Structure formats: C-alpha cells, structure tokens
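Asks: Here's my sequence, what's the structure:
(chains A, B, C and D)
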2 protein chains.
Amino acid sequence: MRCTLVRVEETRRERKKRLTRRLIVTAALRLFEEHGYEGTTVAQITAAADVDPKTFFNYFRSKDEVLFVDTEHTYALLLGAIAERRPKEGPAEVLARMLERFTAHHMPELPPGRARELALAYRLVSTVPALQAKALYLLFDLQHKIADELCAAFPGHLDPITAAAMTGSLMGAVQQAGIAAVRLGRPQQDLWEAARVGVGVAMDGLRAQKGPDDHG
Amino acid sequence: MRCTLVRVEETRRERKKRLTRRLIVTAALRLFEEHGYEGTTVAQITAAADVDPKTFFNYFRSKDEVLFVDTEHTYALLLGAIAERRPKEGPAEVLARMLERFTAHHMPELPPGRARELALAYRLVSTVPALQAKALYLLFDLQHKIADELCAAFPGHLDPITAAAMTGSLMGAVQQAGIAAVRLGRPQQDLWEAARVGVGVAMDGLRAQKGPDDHG
DNA sequence: GTTGAAGTTTCCAGTGGCTGGAAAAATCAA
DNA sequence: TTGATTTTTCCAGCCACTGGAAACTTCAAC
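Replies: Numbering: from 1, shown residues only, chains lettered A, B, ... in the order given. The predicted structure is shown next:
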C-alpha cells in the first residue's frame, strides 16, 4: 500500500501508464457518444486510441469497466466515513453521516471537461441494460461492505442481520427515489432532493409515511 | 389473453413445445450441477436435450434465463396483491400484505422433484456472479413495477418519489437481511426470520433501531 | 386428400467479448 | 551495457448470440 496522500515522484512507467489509461477512456467515451455503447466495439476503441486490443484488457477487465473508473475511490470514501464513527453516534447517525460525506464530495469541484464525461457516463448507465446490471452489481457489493463495516464499528452491539437490513433499507430507499426522479425527467438538482426523501423514509420508517386517510 | 384458470384443451403444438421446454430446462440443470454454470456450454445443453442450439434461443433469450423461469408468475402475484388494496389500508400495510402473500405462496406446496431443482438454482444464483447480476436486475425491475402499482393504488395521495422510496426501503432491507443470513451460513428456515427482521427495520425506521448507548 | 399458409426447427456463416500463450519492446537495476 | 522484469503486441481460439434461408410440422380451407 504506497497510497499516501502526497503523490511521491511518479516514475516514467507510471506516467505513461496513466496517460495510456486516460487515452483509452476518452477514446471510448467519444465513440460511445457517437455510435452508442453497444454499437462500439473494443476493437474500434483500441484503434482510435492507437493501442492493441489486448492492451485494453490489461487496463480494464471488461468493456464496461471504462465507465466505472473511480468506484474504488468512492468505496474508500464511504467506508472510511463509517470507520470514523464518533463515540455518541448510533448506527443510523453513522449511515447518515456517510451519505452526507458522499454528497459533499460529489456536489462541487468537477473539472470542466470531466463533468461532460461524467454526465455522458450517467446517461449511458441509465439507458443501456447491460450497464444498469453492472451498476446494480457494484451497488450490491458496496452494501455488503457497508454492512460489514457498520458491524465492525459497533462491536458486540449490532447483529449482522440488523446491520444488513439497515444498510439495505437506507440504500434501497435512496436508490429507488433517485431512479424515480430520473424516470420522471426531473432536472439534475432535484435528484439530491429525491435522495433526501429516500433518507427520510428509511430513517422514519414506512409506518411514518402518511396514508390517504390521515388528515394532517 | 387466453390465460384462464382452467386449462383449456392444449393443442398438440403447445404440448410438444412445453415438453421441449422442460426437456431443455432439466438437461441444463443436470449439466449445471455436474460441470457448474460457466463450465457448461449451450451446445452441451442442446446436445443433451437432443435439440439444435438455435432452438434453445427460440425458447430462452439467454443462457441464464433457464434459471429464472417463473419470474413473471411471481411478478403477477405481487403486483396483484397491491392492486387488491383494501379501503382502510395505507401504503405500508399494502406492501406488508404483498410480502405476506409471497411467503404464503412460496413456503409450502413444492412438487418433490421441482424442489431439488429450485434449491440448485438458488445455490447457483447466489454463487455465480453473472447470475447474481441477473437476479439483481430482475429485482430492480420488480421494484419499479411495484412502485408504479403502489402509486396507482393511491391515486392522488402518494407522490411517485415517496412510493419509490418506500418500495426501495422495504425491498432493500429484506434483500440485504436475507443475503446476510445466507452469508452467515444460516439454515433455510432462518431465512424467513431474517426477512422479518428486514421488514421490521423498514417499517419502524433506522432511528428506531437501538444503538450501543441505549439501555433498554 | 391436396394444397397453401403459418409457425417451428435446423443448418450455415458470421460478429464480438474475452482468454491464453509466446514473442517483441520498453523499463529499470546493477 | 547487461540482464531481469514489466508492458505491449500479435495470433489463434472459445463461446454466447444473431441473421437468413432452407426443411419440416401443424392446421385449416377447399
């Protein structure tokens, strides 16, 4: 693990590797935009990046992985938030703080060229079934890790099944609320509002949601 | 829609088709059991069933579809439960009744030979990543349908985003709790208990779960 | 029956994601 | 510069899946 906060002198090898990586990513995104995801072959990507097809699979395990580049970084961010649990926090507070850190990290500070790429990636993932499946799988994996980390943060006080249920309840609510907002064609910023609705529902419970017979 | 409760005379065409279908399914399951899912090719399946490879894809859109045969039936069951909403029920009660009907339908009445097949299918789905992905995708699709149906059951009284959040919260909690139980190696029947834990967490909310500082 | 229409199965040839192995080139340490 | 290691390249192949067209079955009309 030489993953320190200060980037120590990057060797030529590493630099070329990083550049090749970005070269492939940008070429792939451009082609995806032009011909669609399914309409683009890995051969076309590698031809556009002037790289051998096999090289592509050295950098990415599969075609779809170009679109899920910084998932590991996000994983570390979220799990780190849980590990830093404060003394008086309960599980619900820890999970809430985890989501807060996520939004705080993802709302601002987007490099201009990178924002376009990200938007394109979002659009592709939400429309192409194969990519949706991949995204769901990643989210599923993430929830497993969160539940484990949550358990570890409350040793002896939180049974694994309850921890998993809490994680699933919160993440499921946020996910579905967000997806619903996208399906309704709501603009980008309403998405955060939808996520907040999801958090609220999960936190207060389904019973707290008012039915049609409640007047007030 | 000639899908009536009483099976009206099945023509020879339909009967042969149904038999071919089952022939392929049983052959596939047998080979999956012997050589694993990935270790089995469609060619081997069709050879074992004495059928052309192309025929396989006439019956199933993809290799994994043999393992997800009666999903549509389950969909109809769950969505039907929501549509039959009773006058005084709120959204939470409707969703709870939906899950009750599911368990009531899936706990008993298993044909003996079919139970073995189902157990094998479960084991495969929970171990092979590609199948997990497929299952997640189906569950995702189901939640979308449930949220829509739930909205339709409370016209004008339930906004789509809240409905989606409620659906996601409940289904997410149940899913993760169930998965956690499987991961812990709990026996089959403890799975239903885990699901009940999930329902409880979703119904009462994360805040209602007691933290380490609560003494009661 | 015979014929003709509709549907089902089969064969053939291809596309594209992905893999393994071995050679060639680039990088780094000494 | 030499030798070891890593990275890239090329080649050949597997397998899921597709399209098109031929062969066959079913079924109804005449």
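
Asks: got a list of what the nearest residue to residue A:97 once chain neighbours are set aside touches?
Replies: Residue nearest to residue A:97 in three dimensions, not counting chain neighbours: residue A:81, with 5.9 Å by C-beta to C-beta, 6 or more residues apart in numbering or on different chains. Heads up, the C-betas are built off the backbone N, CA and C, glycines and all. By C-beta atoms under 8 Å, 6 or more residues apart in numbering or on different chains, the residues touching residue A:81 are A:94, A:97-98, A:101-102.

Asks: least trustworthy helix or strand in chain A by mean pLDDT?
Replies: Within chain A, no helix or strand scores below helix A:112-127, which has a mean of 84 by mean pLDDT, DSSP states H and E.

Asks: Let me know whether that helix sits next to chain B.
Replies: No. With C-beta under 8 Å from any C-beta of the partner chain as the criterion, chain B is not reached by helix A:112-127; the gap is at least 11.8 Å.

Asks: in the following helix or strand past that helix, what counts as buried?
Replies: The C-terminal neighbour of helix A:112-127 among helices and strands, as given by DSSP states H and E, is helix A:129-153. Residues A:131-140, A:142-144, A:146-151, A:153 are the ones in helix A:129-153 that count as buried (16 or more other C-beta atoms under 10 Å in any protein chain shown).

Asks: per-residue pLDDT, the residue most central in space within chain A?
Replies: In chain A, the residue lying closest to the centroid (C-alpha atoms, centre = their mean) is residue A:71, at 5.6 Å. Looking at residue A:71, its pLDDT is 85.

Asks: Distance of it relative to DNA strand C?
Replies: Remark: distance between residue A:71 and DNA strand C (C-beta to the nearest atom of the strand, to the nearest Å) = 16 Å.

Asks: right, and that residue touches residue A:138 too?
Replies: Yes. Here residue A:71 reaches residue A:138: they are 5.7 Å apart, a contact under C-beta atoms under 8 Å.

Asks: Contact partners for the closest residue in space to residue A:49 that isn't next to it in sequence?
Replies: Nearest residue to residue A:49, sequence neighbours excluded (C-beta to C-beta, 6+ apart): residue A:27, at 4.1 Å. The contact partners of residue A:27, by C-beta under 8 Å, 6+ apart, come to A:45, A:48-49.

Asks: One more: residue A:62?
Replies: Residue A:62 touches nothing, counting by C-beta under 8 Å, 6+ apart.

Asks: Closest residue of chain A to chain B?
Replies: Here the residue of chain A nearest chain B is residue A:172; by C-beta to the nearest C-beta that distance is 1.9 Å.

Asks: residue contacts, the residue lying closest to that residue once chain neighbours are set aside?
Replies: For residue A:172, ignoring the flanking residues on the chain, the nearest one in space by C-beta to C-beta, 6+ apart is residue B:172 at 1.9 Å. Residue B:172 sits next to A:143, A:168-173, A:175-176, B:202 when contact means C-beta under 8 Å, 6+ apart.

Asks: Mind doing that once more with 6 Å?
Replies: By C-beta atoms under 6 Å, 6 or more residues apart in numbering or on different chains, the contact set of residue B:172 is A:168-169, A:171-172.

Asks: before we move on, which element is residue A:30 in?
Replies: Using DSSP H and E, residue A:30 falls in helix A:12-35.

Asks: Now do that helix against helix A:112-127: the angle between them, please.
Replies: Helix A:12-35 and helix A:112-127 are oriented at 60 degrees to each other (axes from the mean of the first three to the mean of the last three C-alpha atoms, to 10 degrees).

Asks: Does DNA strand C have contacts with the very next helix or strand once past helix A:12-35?
Replies: Next helix or strand after helix A:12-35 toward the C-terminus (DSSP H and E): helix A:42-48. Yes. Contact of helix A:42-48 with DNA strand C (C-beta under 7 Å from any atom of the strand) involves A:42-43.

Asks: and helix A:42-48, what does it pack onto?
Replies: helix A:12-35, helix A:53-59 (3 or more C-beta pairs under 6 Å, 6 or more residues apart in numbering or on different chains; DSSP states H and E).

Asks: who's in contact with it?
Replies: Everything outside helix A:42-48 that qualifies as a contact, by C-beta under 6 Å, 6+ apart, is A:27-28, A:31, A:53, A:56, A:63.

Asks: May I ask which of those has the most neighbours?
Replies: Greatest neighbour count in the contacts of helix A:42-48, by other C-beta atoms under 10 Å in any protein chain shown, goes to residue A:28: 24 neighbours.

Asks: re the thing from before, select, from the contacts of residue B:172, the two members most distant in space.
Replies: A:169 and A:171 (7.6 Å; C-beta to C-beta).

Asks: And the two? Which one has more around it.
Replies: residue A:169 (36 against 25).

Asks: who's in contact with that one?
Replies: The contact partners of residue A:169, by C-beta under 6 Å, 6+ apart, come to A:202, B:169, B:172-173, B:201-202.

Asks: What residue, apart from its backbone neighbours, is nearest it spatially?
Replies: Nearest non-adjacent residue to residue A:169 (C-beta to C-beta, 6+ apart): residue B:173, at 3.8 Å.

Asks: Residue A:58: how many residues sit nearby?
Replies: Using other C-beta under 10 Å, the number of residues around residue A:58 comes to 11.

Asks: Might you quantify the distance of stretch A:186-205 from its chain's geometric centre?
Replies: 16 Å (C-alpha atoms, centre = their mean, to the nearest Å).

Asks: quick one: buried residues of that stretch?
Replies: By 16+ other C-beta under 10 Å, the buried positions in stretch A:186-205 come out as A:191, A:194-195, A:197-205.

Asks: Columns secondary structure, distance to residue B:187 and pLDDT on top of the residues you listed, output as a markdown table?
Replies: Listed next are the buried residues of stretch A:186-205 as a markdown table, based on DSSP: H, G, I helix; E, B strand; the rest coil; distance: C-beta to C-beta, whole Å; pLDDT from 0 to 100:
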| residue | secondary structure | distance to residue B:187 | pLDDT |
| --- | --- | --- | --- |
| A:191 | helix | 42 | 89 |
| A:194 | helix | 39 | 96 |
| A:195 | helix | 37 | 95 |
| A:197 | helix | 38 | 96 |
| A:198 | helix | 33 | 97 |
| A:199 | helix | 34 | 96 |
| A:200 | helix | 36 | 96 |
| A:201 | helix | 32 | 96 |
| A:202 | helix | 29 | 97 |
| A:203 | helix | 32 | 96 |
| A:204 | helix | 34 | 94 |
| A:205 | coil | 29 | 91 |
